[in-house]
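Asker: show me the folded form of this:
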Amino acid sequence: MNDSSWQPEPVPAGPAYDAQVGPHTRPMPIVPDAAGRDFDDREARDRGAAENGGPFFRAETPPQEPMPSPPPPHAPHPQGAPTPPPKKRAGRDLRAAIGVGVGLGAVIFASLLIVKAVFVGVVVVAVVVGLWELTSRLQEQKGIKAPLVPLAVGGAAMVIAGYVRGAEGAWVAMALTVLAVLVWRMTEPPEDYLKDVTAGAFAAFYVPFLATFVAMLLTADDGPQRVITFLLLTVVSDTGAYAVGWRFGKTKLAPRISPGKTREGLFGAVAFAMAAGALCMEFLIDGGSWWQGLLLGLAVAVSATLGDLGESMIKRDLGIKDMGTLLPGHGGIMDRLDSLLPTAPVVWLLLAAFVGTG
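Answerer: Residues are numbered from 1 along each chain as shown. Predicted coordinates for the structure are as follows:
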């Protein structure tokens, strides 16, 4: 029978018909008949069944049972056994992160042991790359054009001035860098001038000025030991926060800024940093004492955590996960400087108060 001969016929009613509509009956789509009218295809099926012997003919071919859908990935076991919780995983490639970290540490320690000026050069390179990452992300995500050229030149000069002339030289270089940013931006249209130069002044302070305190640590007679203490305490603080937070972390520290950080992790950072600080002050710093190391470690744990949260706040505002991709397993240079930059002036200040700047 073709579509042109299909005519609607009365649908039989009663218990015999109603019994055929079970819970597994699947609603059928709406299809047009030959006259262009729409009717339910289930009704059409029933009418066809009536023409071939009524509902008893249709009962001979019951509807197929639907195939069971596969259970979701974390659904309970069919026998009722609970599904084991997913294993905790690190957010990055640990092998790459460890390899890059070891490589960076080797470069830093080698430069410290060879000539102090070589380490200053390493700091300058890190500052310039960090400024490039920061200004690039600002322009890509927010359309903010902080002038990179005066920032890079001024940032390098800032670190060198801090090493040669101390805090006074660093402040003068900072002021000249901001002035250069203001003048450089005048060569472009005035739209968004205030926004661009404000971002440029922030970048000058955030990256090179804070990094200048690392160079100033190096000027002391035991400068390499002070730099090693600064780097070691920061790394130990981050490691303690990660280890304790990963194993015992339950209470979020700042869920709106960095959901992965926990209060338990902060306690781990404080404990690890204080222990490392006591050892460093006792055995590395001339004239240092273990109790001073406890205070130094506490301060480092707090400043490193705040620096990490500050960087996370910037990245959340920009809508990015990392500042760059230069360091596999770590992100960019700025993703490694986040806890180091605000910690440098804290360590410099406390060491100057405990044992002087000589």
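Asker: packing partners of the one helix or strand S237 maps to?
Answerer: Element membership for S237 (DSSP states H and E) is helix 223-248. The contact analysis (3 or more Cβ pairs under 8 Å, 6 or more residues apart in numbering; DSSP states H and E) places helix 223-248 against helix 94-114, helix 116-142, helix 210-217, strand 258-262, helix 263-283, helix 290-318, helix 340-355. The way it works is simple: take the backbone N, C-alpha and C, and place the C-beta from them, glycine included.
Asker: quick one: the second one to chain centroid distance?
Answerer: For helix 116-142, the gap between its own C-alpha mean and the chain's C-alpha mean amounts to 19 Å (Cα atoms, centre = their mean, to the nearest Å).
Asker: next, the angle from it to helix 290-318.
Answerer: 30 degrees (axes from the mean of the first three to the mean of the last three Cα atoms, to 10 degrees).
Asker: which parts of helix 116-142 are buried?
Answerer: 116, 119-120, 122-124, 126-135, 137-138 (16 or more other Cβ atoms under 10 Å).
Asker: if we can go back for a sec, what's the angle from the helix holding S237 to helix 290-318?
Answerer: Using the same axes, to 10 degrees: helix 223-248 against helix 290-318 is 70 degrees.
Asker: mind listing what's buried along helix 223-248?
Answerer: Under 16+ other Cβ under 10 Å, the buried positions of helix 223-248 are 223-238, 240-242, 244-246.
Asker: with stretch 182-192 instead?
Answerer: Neighbour-count burial for stretch 182-192 [16+ other Cβ under 10 Å]: 182, 184-185.
Asker: endpoints of that stretch, how far apart?
Answerer: 12 Å (Cα to Cα, to the nearest Å).
Asker: what's next to that stretch, contact-wise?
Answerer: 143-145, 147, 149-150, 193, 196-197, 200 (Cβ atoms under 8 Å, 6 or more residues apart in numbering).
Asker: that one - what's its average pLDDT?
Answerer: Across stretch 182-192, the average pLDDT comes to 95.
Asker: which residues are contacting stretch 158-171?
Answerer: By Cβ under 8 Å, 6+ apart, stretch 158-171 touches 120, 123-124, 127, 172-174, 177, 204, 208-209, 211-213, 215-216, 218-219.
Asker: what's the mean pLDDT across that stretch?
Answerer: 95.
Asker: grab the nearest non-local neighbour of F248.
Answerer: In this structure, F248 finds its nearest non-sequential neighbour in E264, 4.7 Å apart by Cβ to Cβ, 6 or more residues apart in numbering.
Asker: can you check A269 too?
Answerer: Nearest one to A269, counting by Cβ to Cβ, 6+ apart, is A241 at 3.8 Å.
Asker: tell me who's in contact with that neighbour.
Answerer: A241 neighbours (Cβ under 8 Å, 6+ apart): 261, 265-266, 268-269, 272, 301, 305.
Asker: run the last query once more with 7 Å
Answerer: If you count contacts by Cβ atoms under 7 Å, 6 or more residues apart in numbering, A241 has them with 265-266, 268-269, 305.
Asker: just to revisit the earlier point, after the helix holding S237, which helix or strand is next?
Answerer: strand 252-254.
Asker: give me the buried positions along that following strand.
Answerer: Applying 16+ other Cβ under 10 Å to strand 252-254 flags 253-254 as buried.
Asker: same check, this time on stretch 345-358
Answerer: 345-348, 350-352, 354-355.
Asker: as CSV, could you dump the C-alpha coordinates of it?
Answerer: As requested, the backbone C-alpha atoms of stretch 345-358 are provided in CSV (Å, rounded to 0.1, in the frame of the first residue of the first chain):
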residue,chain,number,x,y,z
PRO,A,345,62.1,43.0,50.1
VAL,A,346,60.9,41.1,53.2
VAL,A,347,64.1,39.0,53.4
TRP,A,348,66.3,42.0,52.7
LEU,A,349,64.6,44.1,55.4
LEU,A,350,64.7,41.4,58.1
LEU,A,351,68.3,40.4,57.3
ALA,A,352,69.3,44.1,57.5
ALA,A,353,67.6,44.3,60.9
PHE,A,354,69.1,41.1,62.2
VAL,A,355,72.7,41.2,61.0
GLY,A,356,73.1,44.4,59.0
THR,A,357,73.6,45.1,55.3
GLY,A,358,77.4,44.7,55.2
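Asker: tell me the mean pLDDT for that stretch?
Answerer: pLDDT averaged over stretch 345-358 gives 95.
Asker: out of the helices and strands packed on helix 223-248, which is the most enclosed?
Answerer: For the helices and strands packed on helix 223-248, the largest average neighbour count (mean count of other Cβ atoms under 10 Å) is found in helix 210-217, namely a mean of 26.
Asker: can I get the contacts of stretch 182-192 in JSON lines with secondary structure and neighbour count?
Answerer: Formatted as JSON lines, these follow (DSSP: H, G, I helix; E, B strand; the rest coil; neighbours: other Cβ atoms under 10 Å):
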{"residue": "G143", "secondary structure": "coil", "neighbour count": "10"}
{"residue": "I144", "secondary structure": "coil", "neighbour count": "19"}
{"residue": "K145", "secondary structure": "coil", "neighbour count": "18"}
{"residue": "P147", "secondary structure": "coil", "neighbour count": "22"}
{"residue": "V149", "secondary structure": "helix", "neighbour count": "10"}
{"residue": "P150", "secondary structure": "helix", "neighbour count": "21"}
{"residue": "Y193", "secondary structure": "helix", "neighbour count": "14"}
{"residue": "D196", "secondary structure": "helix", "neighbour count": "22"}
{"residue": "V197", "secondary structure": "helix", "neighbour count": "20"}
{"residue": "G200", "secondary structure": "helix", "neighbour count": "28"}
